[in-house]
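[1] Next comes the sequence, and after it the predicted model I'd like to discuss.
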Amino acid sequence: MPLLAAFIGSLASGLATLLATQMAYTTALKIAAYATWITVATVFFASVFVCCSSLYSMMASYVGSGGGTGNWIRMFWVGMGMFIPGNASAVIACVASVWIGTSIWKIQRVGIESFSK
């Protein structure tokens, strides 16, 4: 009987170790996927912010210097300036940081709910 009890005990502990390892790998993969998603989103927003702000400043300086082929180009950029104010880059960065912050909070909340089950 002691031999059978030792066999069943080692079988149960082996199964528990296997399940714990599998759950750890699954959780690690989910956390890595979330971290990768956040990194990609951050790099995307940063690159869009840099590209748009540099393009806007370049075009504003080009129009302000009198460049262009005619008056309609200058009026187009004046009109764009009405829709895209000078602080648009700061506003976009603020909105993006709040969005990323809430996404991180949601991911952490889901992680806490998953770990508490």
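    In hand now; what should we look at? What you see is a predicted model; the values in this text were computed from it and never measured.
[2] can you pull the buried residues of the helix or strand where V95 lies?
    Assigned by DSSP states H and E, V95 belongs to helix 88-116. Using 16 or more other CB atoms under 10 Å as the test for burial, helix 88-116 gives 89, 92, 96, 107. The C-beta positions use only the backbone N, C-alpha and C, and glycine is treated the same way.
[3] Mind giving me the packing neighbours of that helix?
    Packed against helix 88-116 by the contact rule (3 or more CB pairs under 8 Å, 6 or more residues apart in numbering; DSSP states H and E) you find helix 2-64.
[4] Just the buried residues of whichever helix or strand comes after the helix it packs on, please?
    Using DSSP H and E, the next helix or strand after helix 2-64 towards the C-terminus is helix 71-83. The neighbour-count check on helix 71-83 (16+ other CB under 10 Å) flags W77 as buried.
[5] and helix 71-83, what other elements does it pack with?
    With contacts taken as 3+ CB pairs under 8 Å, 6+ apart, helix 71-83 sits against helix 2-64.
[6] Does anything pack onto the helix it packs on? Which helices or strands?
    Under the contact rule (3+ CB pairs under 8 Å, 6+ apart), helix 2-64 is packed against helix 71-83, helix 88-116.
[7] Perfect, that will be all.
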